[in-house]
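Visitor: fold the stuff below for me.
(one chain, ligands or ions: 1)
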Amino acid sequence: PTPDFRFRVDATDGQARTGAITMPRGVVRTPAFMPVGTAATVKAMYADQVRELGADIVLGNTYHLMLRPGAERMARLGGLHHFMRWDGPILTDSGGFQVMSLSALRKLDADGVTFRSHIDGTAHRMSPERSIEIQGLLGSDIQMQLDECVRLPAPPEAIEKAMRLSLRWAERCRTAFGEQPGKAMFGIVQGGDVPDLRVASARALVDLDLKGYAIGGLAVGEPQAVMLAMIETVEPHLPAHKPRYLMGVGTPDDLLRSVERGVDMFDCVMPTRAGRHGLAYTRHGRINLRNARHAEDTRPLDEASACPAARDYSRAYLHHLVRSDEILGMMLLTWNNLAYYQDLMAGMRAAIREGRFLTFAAETRAGWERA
Ligand SMILES: CNc1nc2cc3c(cc2[nH]1)N=C(N)NC3
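Guide: Numbering: from 1, shown residues only. Okay, the predicted model is just below:
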């Protein structure tokens with residue numbers, strides 16, 4: 001690991017790229033999938049298991065951690081890495097999206113957002129500066145700017161207003177972040193589903209010379225085609241030598257199609273949340289273990305997997321655990337799903353290196369038909 005934050009592209013295959021981000025806390029192989037660790041835990045997983053299944057970096061949430069246990073308290077306790085026993089890099093979201101999607105009674109102004117906690121109703125204030133301060137107190141390695149996320153569909157004027165506010169907040173976050181060797185602050189491209197606004201946002205953020213660029217305001221219920229069109233609109237305006245991070249994405253198919261279009265980093269609650277609801281992602285496709293057809297199926301989810309949850313337990317047993325609402329069912333399916341996501345990312349990285357990405361994607365999709 002190096003004293004600074006560095007991104008390198010090792011190989012490309014069309015728009016797809018594979019490489020690595022090196023930081024003092026470790027190396028992140030790209031394309032990378034970041035398991036979501038919202039409340040200082042990747043739900044139902046030990047940190048060691050998350051590492052063993054191949055994740056190099058996890059995501060934490062400013063919004064949740066500032067409410068509980070509190071940013072200053074987390075700092076007193078030694079920071080998020082020590083607290084949750086994860087010694088690799090951590091990326092933290094800024095709270096912009098969570099305030100809009102989780103908090104009650106929020107009031108947004110040019111200076112920030114005032115909101116009430118969804119946990120206990122207490123009032124809180126988040127400004128660009130406070131978001132960066134909190135992410136610093138948590139010990140975050142990659143910090144996200146505070147942005148304003150509009151829910152789609154929305155009138156173009158509202159989308160433009162939010163995009164311009166987010167740009168002003170990006171500048172304030174960059175000033176507040178200052179120079180922190182080994183750490184990074186990423187901007188977030190906004191602009192909804194309006195191509196011209198997306199391009200204007202991307203170009204203005206690139207002028208700020210940030211260390212990485214997220215594409216935000218997507219994966220909020222829009223059709224996959226719209227999401228892919230926005231990536232294609234923005235990608236040519238982002239520097240090739242800096243990471244691109246698509247926030248909140250996605251299904252295995254979303255990942256394949258987004259990597260194909262030049263995205264390097266992802267986070268999504270899909271594999272962990274689906275696991276808790278009895279859904280297994282496998283190379284044969286998605287399997288709902290609650291379904292009675294599994295009641296006497298002695299096969300494992302995937303006998304070829306290196307993950308014990310996929311290889312060593314019968315579908316009948318997993319079906320029983322899910323039907324019985326047993327905690328072990330959530331644990332094993334979360335483990336399986338995260339392992340499958342990491343295997344998919346590793347497969348993409350190898351395929352890009354060997355110049356066979358499109359073949360890999362086609363073969364992967366073909367495998368899903370046999371769930
Ligand atoms: C689940 N979909 C999703 N879209 C997102 C979009 C954003 C985000 C988180 C998301 N999650 N965080 C931000 N700070 N801004 C944009």
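Visitor: what residues does the stretch 251-371 of the chain have near the ligand?
Guide: Residues of the stretch 251-371 of the chain found near the ligand (Cβ under 6 Å from any ligand atom): none. Every residue, glycine included, has its C-beta placed from N, CA and C.
Visitor: and the helices in the stretch 251-371 of the chain?
Guide: For the stretch 251-371 of the chain, the helices defined by DSSP state H, counting those that start in this stretch cover 252-260, 270-276, 308-311, 315-323, 327-353, 357-368.
Visitor: helices and strands around the shortest one, which ones?
Guide: Helix 308-311 is packed against helix 327-353, with contacts defined by 3 or more Cβ pairs under 8 Å, 6 or more residues apart in numbering; DSSP states H and E.
Visitor: hang on, the earlier thing: next, format the helices of the stretch 251-371 of the chain as JSON lines and append mean pLDDT, distance to Thr62 and mean neighbour count.
Guide: Below are those laid out as JSON lines (pLDDT from 0 to 100; distance: least, Cβ to Cβ, whole Å; neighbours: other Cβ atoms under 10 Å):
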{"stretch": "helix 252-260", "mean pLDDT": "98", "distance to Thr62": "24", "mean neighbour count": "22"}
{"stretch": "helix 270-276", "mean pLDDT": "98", "distance to Thr62": "19", "mean neighbour count": "21"}
{"stretch": "helix 308-311", "mean pLDDT": "98", "distance to Thr62": "31", "mean neighbour count": "20"}
{"stretch": "helix 315-323", "mean pLDDT": "99", "distance to Thr62": "33", "mean neighbour count": "20"}
{"stretch": "helix 327-353", "mean pLDDT": "99", "distance to Thr62": "23", "mean neighbour count": "22"}
{"stretch": "helix 357-368", "mean pLDDT": "98", "distance to Thr62": "34", "mean neighbour count": "15"}
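Visitor: what's near enough to touch the residue lying closest to Leu332 once chain neighbours are set aside?
Guide: Closest residue to Leu332 apart from its sequence neighbours, by Cβ to Cβ, 6 or more residues apart in numbering: Ala309 at 4.3 Å. For Ala309, the contact set (Cβ atoms under 8 Å, 6 or more residues apart in numbering) comprises Leu301, Met331, Leu332, Leu333, Trp335, Asn336, Ala339.
Visitor: what is the burial count for Val27?
Guide: Val27 is flanked by 16 other residues according to other Cβ atoms under 10 Å.
Visitor: ok, now the one 10 residues further on?
Guide: The burial metric for Gly37, expressed as a neighbour count using other Cβ under 10 Å, is 27.
Visitor: and the closest residue in space to it that isn't next to it in sequence, what are its bridge partners?
Guide: The shortest distance from Gly37 to any non-neighbouring residue, by Cβ to Cβ, 6+ apart, is to Val58 (4.4 Å). For Val58, the beta-bridge partners under DSSP bridges are Ile90.
Visitor: can I assume Val58 is in contact with Thr41?
Guide: No: Val58 is beyond contact range of Thr41, at 9.6 Å (criterion: Cβ atoms under 8 Å).
Visitor: more neighbours: the two, which one.
Guide: Applying other Cβ under 10 Å to Val58 and Thr41 shows that Val58 carries more neighbours, namely 27 against 18.
Visitor: let's see the pLDDT reported for that one.
Guide: According to the prediction, Val58 has pLDDT 99.
Visitor: in the protein, where is pLDDT below threshold?
Guide: 1-2, 371 (pLDDT under 70).
Visitor: so what's the closest residue to the ligand within the chain up against?
Guide: Using Cβ to the nearest ligand atom, the closest approach of the chain to the ligand is made by Gly248 at 2.2 Å. By Cβ under 8 Å, 6+ apart, Gly248 lies in contact with Phe97, Leu218, Ala219, Val220, Asp267, Cys268.
Visitor: switch to 7 Å and redo it
Guide: The contact partners of Gly248, by Cβ atoms under 7 Å, 6 or more residues apart in numbering, come to Ala219, Asp267, Cys268.
Visitor: export the residues you listed to a markdown table and tack on distance to Leu91 and neighbour count?
Guide: Formatted as a markdown table, the contacts of Gly248 follow (distance: Cβ to Cβ, whole Å; neighbours: other Cβ atoms under 10 Å):
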| residue | distance to Leu91 | neighbour count |
| --- | --- | --- |
| Ala219 | 16 | 22 |
| Asp267 | 7 | 24 |
| Cys268 | 13 | 23 |
